[in-house]
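>>> starting from these lines, generate the structure:
(2 chains)
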Amino acid sequence: MSVRFHNVTKRFTLAGTPAVSDVSFEAPRGAVTAILGPSGAGKSTVLRLAAGLEFPDSGSISIDGVDCSDVPIQKRGIGLVFQNYALFRHMTVRENIAFGLKVRRMPRREVADRVTELLGVVQLEGLGDRYPGQLSGGQQQRVAFARALAVQPKVLLLDEPFGALDVRVRRELREWLDEFHAETGVTTLLVTHDQSDALELAEHVVVMFDGRVAQAGPPHEIYDHPETPQVASFVGGANLLTARVRSGSVKLDSISVPAPAAAEGDLVQVFVRPHDVELRRPSAESPDVSLALVERLKRIGGYVRVSLLLRGGENLTVESSMREFELLAVGPGDRVLVDLKAAKLFALERPH
Amino acid sequence: MSVQLAISRKRAATTEPELVRRLLIGTAFAFLVTFVCAPLAVVFVNAFREGAGKYLAAIREPDSVSAIQLTLLTAVIVVPLNLVFGLAAAWAIAKFRLRARNLLVSLIDLPFSVSPVIAGLLFVLLFGRQGFLGPWLSAHDIRVIFAPPGIVLATLFVTLPLVAREVLAVMEAQGSAEEEAALSLGASGWQTYFRVTLPKIKWGVLYGVVLCNARSMGEFGAVSVVSGHIRGVTTTLPLQAEILYNQYELSGAFAVASLLTLLALVTLLTKKYVETRSNGP
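I've put the predicted structure just below:
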């Protein structure tokens, strides 16, 4: 039941820029595919197009190899879960879950059995007679999942499903979804602006910016090998430094990064992940000037965020585990040796 | 305890000094008494001035009875029609990305911005003997102006926005995510409307109906123009009150007025009830 977008474009105003522009990707069968991007990137529109809530201006959408660009939403076999739950507030939890079965005219007895089963799946046994207004946000979203699952959708479409929940509930529900998916393997399309949703849940990630697909692939691939500066800084967070190529490499402070593809004198952007930097105590023979200055320390739970000032005036943020950092025994005002374990270069325009 | 309360009240940043507070409350109260409570009391005092017997007699008088009947008939026709129109218009505007949306909303609002007297005149110009459709109507022996149909039409015009506005506001505030969920679960458009949309907006609908009913019974200006003031035939309650008043039959005028005032009070209570219910679970 893979979902495939083929050159899909959708605009909401005649003159304006398209909300979704020439989007192609494939969400593999049985996998969770995350559509990741900042707000306004068009990712919700992609989901609404897949659902049949919107129809593409051009291009085609197929579910399981069958073109469904013109199939109405009722016949697409999809289950929808929204950020704000969208539960029927005048119905009890049981009535909410039963809705899809009732409009399909399933016999009453079977509906009741199925609803009881689903209440178990989403771990809400005993809350069936409550109204949505009497439930917490996390519970409401579980009801929304149960309601969507009741009609046995071929594809589950989730629009920022954890967006309205606080951190703890968010993590709980994410773990629940992960387990649920591992058991059932229902093809899932997950729209999110939160990279941890995407990196934790998805087997396939589609990164979107400005209505276009910037990069698609497995999450580690996107994290380790971002293809554009935008993707690099959006996924994972990164230091962004600008430097010039001199004799085949880029020099940052005492560190040099090889730049084989760039020409001499090119300006390049260097992306460095905060935890791809190793800090070492300066040895006696290293000259003071080549060291980075520790400006600020911030302890965040089990790790430390260190703000460094490089000799060239650039700032570099480094994250290191508390344990490693304690061994280093440095504080603000001290100097440290900086070693880059990994960095990624992107060419800027050549100087004219 | 009371001392502590006094202290904490003084400490609240938003609290005004004692004098200002009393002055503001006093002013508001004085206005309310002068312009709302006093006139309301006057209506009932005058209506019963000559005793309950006279009051009942004034209401049971044939002209008054026929005015009551015409008023009820008008409301019975106008309210359901406006309900159907209001639901349809609000649904169309809230549901679709209409390019003419603003134009449509302005058109629905038009009866509010036109003076009721002008509204009445429009119908006279359209259906009156000298009017646009006048010759055709008199050829077929259909009377609209100076007859109950004209009163119903004029009332329909002035009350047109009431249900539509209320329902539209509620629908737009609630968004369409629930409807989208219902559709994704396989419900048809009609199933979605009756099982999801209508229950969702029912308090807004009821509120609009209450307002529409009150206005259709109490409308004076537009109805006055098209009615022709034929006693016992084309007078509604507000017109009857005016006629009696002009004839110095004060207790009769106030008796009829008291019926309209009671209607207003019932409307107010229903409105209050609907508001508390719609805020609840």
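
>>> make it CA atoms for all contacts and neighbour counts henceforth
OK.

>>> how about the residues of chain B near chain A?
B:177-178, B:180-188, B:191, B:196, B:199-200, B:281 (Cα under 8 Å from any Cα of the partner chain).

>>> from the residues you listed, list just the buried residues.
For the residues of chain B next to chain A, a burial check counting by 16 or more other Cα atoms under 10 Å in any protein chain shown picks out B:177, B:178, B:180, B:181, B:182, B:183, B:184, B:185, B:186, B:187, B:196, B:200.

>>> Serialize those to CSV and add fields for pLDDT.
Below are those laid out as CSV (pLDDT from 0 to 100):
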residue, pLDDT
B:177, 89
B:178, 92
B:180, 92
B:181, 94
B:182, 94
B:183, 93
B:184, 93
B:185, 93
B:186, 92
B:187, 92
B:196, 93
B:200, 89
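
>>> got those residues as TSV, with secondary structure columns?
Shown next, in TSV, are those (DSSP: H, G, I helix; E, B strand; the rest coil):
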residue	secondary structure
B:177	helix
B:178	helix
B:180	helix
B:181	helix
B:182	helix
B:183	helix
B:184	helix
B:185	coil
B:186	coil
B:187	coil
B:196	helix
B:200	helix
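
>>> could you identify the most distant pair in those residues?
Farthest-apart pair in those is B:186 and B:200; separation 18.9 Å (Cα to Cα).

>>> next one: the helix or strand containing residue B:39 to chain centre, how far?
According to DSSP states H and E, residue B:39 maps onto helix B:38-47. Helix B:38-47 sits 22 Å away from the centroid of its parent chain (Cα atoms, centre = their mean, to the nearest Å).

>>> get me the contact residues on chain A for chain B.
A:51, A:53, A:73-75, A:78-82, A:86-90, A:99-100, A:103-104, A:133, A:148, A:151.

>>> just the buried residues of those.
Buried among the residues of chain A next to chain B by 16+ other Cα under 10 Å: A:51, A:53, A:73-74, A:78-82, A:86-90, A:99-100, A:148, A:151.

>>> one step back: among the residues of chain A next to chain B, which lie within strands?
Cross-referencing the residues of chain A next to chain B against strands under DSSP state E gives A:78, A:79, A:80, A:81.

>>> could I get those in a markdown table, plus columns for distance to residue A:194 and pLDDT?
Output for these, formatted as a markdown table (distance: Cα to Cα, whole Å; pLDDT from 0 to 100):
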| residue | distance to residue A:194 | pLDDT |
| --- | --- | --- |
| A:78 | 23 | 92 |
| A:79 | 21 | 93 |
| A:80 | 19 | 94 |
| A:81 | 17 | 95 |
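
>>> contacts for stretch A:82-102 next, please.
A:108, A:111-112, A:115, A:127-133, A:140-141, A:143-144, A:146-148, A:150-151, A:158-164, B:177-178, B:181-182, B:185-187, B:196, B:199-200 (Cα atoms under 8 Å, 6 or more residues apart in numbering or on different chains).

>>> re the thing from before, name the residues of the helix holding residue B:39 that are buried.
For helix B:38-47, by 16+ other Cα under 10 Å, it's B:43, B:44, B:45, B:46, B:47.

>>> same check on stretch B:216-230?
Buried-residue list, stretch B:216-230, by 16+ other Cα under 10 Å: B:216-227, B:229.

>>> what mean pLDDT does it get?
Mean per-residue pLDDT for stretch B:216-230: 88.

>>> start to end distance for that stretch?
End-to-end distance for stretch B:216-230: 19 Å, by Cα to Cα, to the nearest Å.

>>> what's the answer for stretch A:64-83, then?
26 Å.

>>> for stretch A:68-87, same thing?
Calculated as Cα to Cα, the first-to-last residue distance of stretch A:68-87 is 27 Å.

>>> over to stretch A:69-77?
Termini of stretch A:69-77 sit 13 Å apart (Cα to Cα).

>>> which residues does the residue of the stretch 151-300 of chain A at minimum distance from chain B contact?
Chain B sits closest to residue A:151 of the stretch 151-300 of chain A, with a gap of 6.8 Å, by Cα to the nearest Cα. Contacts were defined as Cα under 8 Å, 6+ apart; by that measure residue A:151 touches A:79, A:100, A:101, B:185.

>>> could you dump these into a markdown table with distance to residue A:299 added?
Formatted as a markdown table, the contacts of residue A:151 follow (distance: Cα to Cα, whole Å):
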| residue | distance to residue A:299 |
| --- | --- |
| A:79 | 42 |
| A:100 | 50 |
| A:101 | 52 |
| B:185 | 48 |
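
>>> pull out the CA atoms of the host helix or strand of residue B:126 and give them to me as CSV.
In this assignment (DSSP H and E), residue B:126 forms part of helix B:116-127. Output of helix B:116-127 as CSV, limited to C-alpha atoms (Å, rounded to 0.1, in the frame of the first residue of the first chain):
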residue,chain,number,x,y,z
PRO,B,116,-36.6,49.3,7.6
VAL,B,117,-38.8,52.0,6.2
ILE,B,118,-36.8,52.0,2.9
ALA,B,119,-37.1,48.2,2.9
GLY,B,120,-40.8,48.5,3.2
LEU,B,121,-40.9,51.1,0.3
LEU,B,122,-38.8,48.7,-1.9
PHE,B,123,-41.6,46.2,-1.6
VAL,B,124,-44.3,48.8,-2.3
LEU,B,125,-42.3,49.9,-5.4
LEU,B,126,-42.0,46.2,-6.5
PHE,B,127,-45.5,44.8,-5.7
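
>>> give me the subset of the residues of chain A next to chain B lying in helices.
A:51, A:99, A:100, A:103, A:148 (DSSP state H).

>>> not counting its neighbours along the chain, what's nearest the last one?
Read it as residue A:148. Excluding the flanking residues, the one nearest residue A:148 by Cα to Cα, 6 or more residues apart in numbering or on different chains is residue A:79, at 4.6 Å.

>>> surely the one you found and residue A:155 touch.
Yes. Between residue A:79 and residue A:155 there is a contact at 6.4 Å, judged by Cα atoms under 8 Å.

>>> list the buried ones in the helix or strand encompassing residue B:153?
Counting by DSSP H and E, the element that carries residue B:153 is helix B:148-174. In terms of neighbour count (16+ other Cα under 10 Å), helix B:148-174 has its buried residues at B:148-168, B:170-171.

>>> tell me the angle it makes with helix B:116-127.
120 degrees (axes from the mean of the first three to the mean of the last three Cα atoms, to 10 degrees).

>>> packing partners of helix B:148-174?
helix B:62-95, helix B:101-113, helix B:116-127, helix B:198-218, helix B:221-227 (3 or more Cα pairs under 8 Å, 6 or more residues apart in numbering or on different chains; DSSP states H and E).

>>> any idea which of these is most buried?
helix B:221-227 (a mean of 25; mean count of other Cα atoms under 10 Å in any protein chain shown).

>>> which ones are touching residue B:250?
Here residue B:250 is in contact with B:46, B:47, B:244 (Cα under 8 Å, 6+ apart).

>>> just curious, which of these is nearest to chain A?
Once Cα to the nearest Cα is applied, the member of the contacts of residue B:250 that ends up nearest chain A is residue B:47, at 45.5 Å.

>>> mind listing the helices for the stretch 1-150 of chain A?
Ranges of helices in the stretch 1-150 of chain A, per DSSP state H, counting those that start in this stretch, are A:43-51, A:93-103, A:108-121, A:137-150.

>>> pLDDT weak spots in the stretch 51-200 of chain B?
B:97 (pLDDT under 70).

>>> residue in it nearest to chain A?
residue B:186 (4.3 Å).

>>> isn't that residue up against residue A:75?
Yes. The pair residue B:186 / residue A:75 is scored as a contact, 7.1 Å apart, by Cα under 8 Å.

>>> what is the neighbour count of residue A:177?
16 (other Cα atoms under 10 Å in any protein chain shown).

>>> contacts for the helix or strand harbouring it next, please.
Using DSSP H and E, residue A:177 maps to helix A:167-184. Outside helix A:167-184, the residues that touch it by Cα under 8 Å, 6+ apart are A:32, A:138, A:142, A:162, A:163, A:197, A:201.
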